[in-house]
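Student: prediction below, plus the sequence it came from.
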Amino acid sequence: MKKLILTTAVLALTAGMGLAETIRMGTEGAYPPYNFVNDKGEVDGFERELGDELCKRAELTCEWVTNDWDSIIPNLVSGNYDTIIAGMSITDERKEKIDFTQNYTQPDPSAYAALSTDVDLANGVVAAQANTIQASFVAAQGWKLVEFATADEAMAAVLNGEADAVLADKASLKDMVGSNDKLMFLDREELIGGGVGMGIRKSDSALRDKFDAAIQSMKDDGSLNALIAKWEIGEAF
């Protein structure tokens with residue numbers, strides 16, 4: 001089993017309430033701007049800020065746990081944490097294993113980054129992070145797919161010539177492409193999945209409902225759109 005790393009606890013109780021059971025928020029910590037570990041060793045990013053606010057609104061005490069992406073669903077199901085908040089798109093396949101809250105981002109376009117705009121995707125090699133909607137999409141096209149444990153490794157495969165292009169959420173690729181003058185976006189984009197939501201065990205319907213209500217309240221008052229704009233995640237609601 002992949003190791004778990006416990007990070008800073010976040011107290012999110014309103015004044016006058018007793019101490020509630022601690023809810024462990026599971027994330028990858030390696031998918032900026034959604035989630036990453038900062039120079040202080042703390043979980044940071046759009047989902048850290050979002051998750052802290054959701055815990056406050058749901059009147060829950062929460063702490064953050066990081067886990068490798070390839071075992072993030074099994075470790076939720078086995079009880080090593082209570083939620084997944086890790087840039088996880090809502091798909092029918094995943095819903096067979098876990099429940100989801102409503103989406104807290106719109107479906108984000110998936111984009112291709114490459115060293116040339118002349119890439120022939122159908123006859124080339126496309127890299128993607130394993131167990132993602134992008135990897136499933138490439139496989140469904142019948143293209144040659146190479147999968148990697150992390151998004152950074154998938155991008156490195158393009159830079160070292162192991163792959164012709166990488167497919168990932170456009171928001172996660174923007175900084176990489178913008179900071180490397182060798183990389184460029186292809187004109188083609190894909191719209192995959194039903195947006196990003198929190199993963200919850202099927203047995204934890206009450207917890208799912210609490211976070212669902214908190215997400216809806218942030219949609220209603222505009223604070224979710226403000227966070228989406230701040231972190232440049234995608235389209236507003």
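Tutor: Structure's in. What do you need?

Student: residue ranges with poor pLDDT in this protein?
Tutor: For the chain, the stretches with pLDDT under 70 are 1-20.

Student: Ile192 touches Ala135, doesn't it?
Tutor: No: between Ile192 and Ala135 no contact is recorded; they are 10.4 Å apart, counting by C-beta atoms under 8 Å. C-betas here are computed from N, CA, C, even on glycine.

Student: pull out the buried positions in the longest helix along the chain.
Tutor: Of all the segments assigned as helix in the chain under DSSP state H, the longest by residue count is helix 205-221. By neighbour count on 16 or more other C-beta atoms under 10 Å, the buried set for helix 205-221 is 207-208, 210-212, 214-215, 218-219.

Student: contacts for that helix next, please.
Tutor: Under the contact criterion C-beta atoms under 8 Å, 6 or more residues apart in numbering, helix 205-221 has outside partners 23, 50, 53-55, 57-58, 60, 82-83, 99-102, 104, 198, 200, 224-225, 227, 237.

Student: Gln141: neighbour count?
Tutor: Using other C-beta atoms under 10 Å, Gln141 is surrounded by 12 other residues.

Student: how's this structure carved up into domains?
Tutor: Under the assignment named as automatic domain parsing, the residue ranges that make up the domains of the chain are 5-106+195-231, 110-190.

Student: gap between the two ends of the last one?
Tutor: Read that as domain 110-190. Domain 110-190 has its terminal residues 5 Å apart, counting by C-alpha to C-alpha, to the nearest Å.

Student: leaving out sequence neighbours, find the closest residue to the one residue sitting closest to the centre of the chain.
Tutor: Taking C-alpha atoms, centre = their mean as the criterion, Gly87 is the residue nearest the geometric centre of the chain, at 1.2 Å. By the measure of C-beta to C-beta, 6 or more residues apart in numbering, the closest residue to Gly87 outside its immediate chain neighbours is Tyr34, 3.8 Å from it.

Student: please tell me how far Ala111 sits from Thr105.
Tutor: From Ala111 over to Thr105 the distance is 15 Å, taken as C-beta to C-beta, to the nearest Å.
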